[in-house]
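Student: Structure for the following, please:
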Amino acid sequence: MDPLSLMSTGNLNLALIKIRELIAQNPSKENYQLLGRILLELGRDEEAIEAFLKGDDYLNASRILLLRDPVSALNVLKGKEGEGFRVLRAILNFRAENYEEALKELEGVREDPIVLKIRGISEYHTKRFYEALRDLSKAMLSYPLDADIFYYRGLTKIALGDEQNAEKDLDVAINLNPYYAEAYLNKGILTENRGDINRAIELYSKSIDLRPNYKEAYIRRSKAYMKIGKESEARSDIESSERL
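Tutor: Numbers count the residues shown, from 1 in each chain. All right, here's what the predicted structure looks like:
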């Protein structure tokens with residue numbers, strides 16, 4: 001049997017032997033690409049990356065690197081043309097918080113849910129709030145269970161002054177991900193803005209419980225404690241924030 005047939009039947013070790021024999025006779029790009037696929041299914045990521053690169057399959061090589069080493073992946077993708085490469089570079093820049101670069105890569109790229117999500121969050125971080133609201137709302141239709149989309153749409157609405165609807169989005173984010181410390185913090189800020197200091201403190205406390213090193217939550221809770229005259233608790237939170 002040929003390596004591809006062996007691979008399809010799950011006989012990966014024999015497929016690996018056969019493809020290496022083929023490469024010894026014919027080191028074509030296609031054979032190296034198949035070697036990469038076999039090695040990937042065997043969990044041998046480093047060897048798979050090397051094989052994909054020898055086969056000029058930069059897309060699959062970068063997809064593996066995407067999960068591990070963004071800088072190396074960007075180097076692999078540098079100068080490569082095509083929409084798939086641009087989306088991958090956008091994802092890598094997004095992960096590195098290079099939001100302007102991510103947006104540049106997505107210019108003119110066909111819209112799909114992951115593109116809309118990355119673009120929307122990047123637009124929020126670069127203060128393009130109306131564009132962010134549009135793209136995150138579109139992304140939400142395809143990813144209705146994605147807490148991040150609702151969270152960032154909530155933050156976008158806060159930036160646009162729509163606190164009432166922003167809180168609804170934060171509530172959805174919390175329902176989808178009950179461990180979302182940042183969502184509790186921002187809901188606490190909105191609650192404090194309404195004058196419900198005690199409830200805000202509860203939300204800040206929940207945020208701290210979920211993320212004990214969350215400096216901003218300690219600072220917010222400290223200020224809230226001061227508003228209700230709990231100076232000892234406020235000082236304790238300030239001291240905690242200074243240690244972080």
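Student: Give me the neighbour count for Glu101.
Tutor: Other residues within reach of Glu101, judged by other C-beta atoms under 10 Å, total 17. The way it works is simple: take the backbone N, C-alpha and C, and place the C-beta from them, glycine included.
Student: again with Glu233
Tutor: By the criterion of other C-beta under 10 Å, Glu233 has 16 neighbours.
Student: Same check on Arg243?
Tutor: For Arg243, the neighbour count with other C-beta under 10 Å is 8.
Student: And it, how close does it get to Gly82?
Tutor: The span separating Arg243 from Gly82 equals 48 Å under the rule C-beta to C-beta, to the nearest Å.
Student: again, but for Gln164
Tutor: The span separating Gln164 from Gly82 equals 44 Å under the rule C-beta to C-beta.
Student: hmm, who's touching stretch 166-173?
Tutor: 147-148, 150-151, 153-158, 180, 183, 186-187, 190 (C-beta atoms under 8 Å, 6 or more residues apart in numbering).
Student: Can I get that stretch in CSV, CA atoms only?
Tutor: Once non-C-alpha atoms are left out, stretch 166-173 reads as follows in CSV (Å, rounded to 0.1, in the frame of the first residue of the first chain):
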residue,chain,number,x,y,z
ALA,A,166,-23.1,47.2,27.7
GLU,A,167,-24.1,45.6,31.0
LYS,A,168,-26.4,43.2,29.2
ASP,A,169,-23.4,42.0,27.0
LEU,A,170,-21.3,41.6,30.1
ASP,A,171,-24.0,39.5,31.8
VAL,A,172,-24.0,37.2,28.7
ALA,A,173,-20.2,37.0,28.8
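Student: Find the residue closest to the most centrally placed residue in the chain in space, skipping its chain neighbours.
Tutor: Note on the chain: the residue nearest the mean C-alpha position is Arg95, at 6.1 Å, using C-alpha atoms, centre = their mean. Computed as C-beta to C-beta, 6 or more residues apart in numbering, the closest residue to Arg95 that is not its neighbour in sequence is Pro70, at 5.4 Å.
Student: Domains of the protein: list them as residue ranges, please.
Tutor: When the chain is parsed into structural domains using automatic domain parsing, the resulting residue ranges are 1-64, 183-244.
Student: and those, which one's lowest on average pLDDT?
Tutor: Considering the domains of the chain one by one, the lowest average pLDDT is found for domain 1-64, at a mean of 87.
Student: No further queries at this time; thank you.
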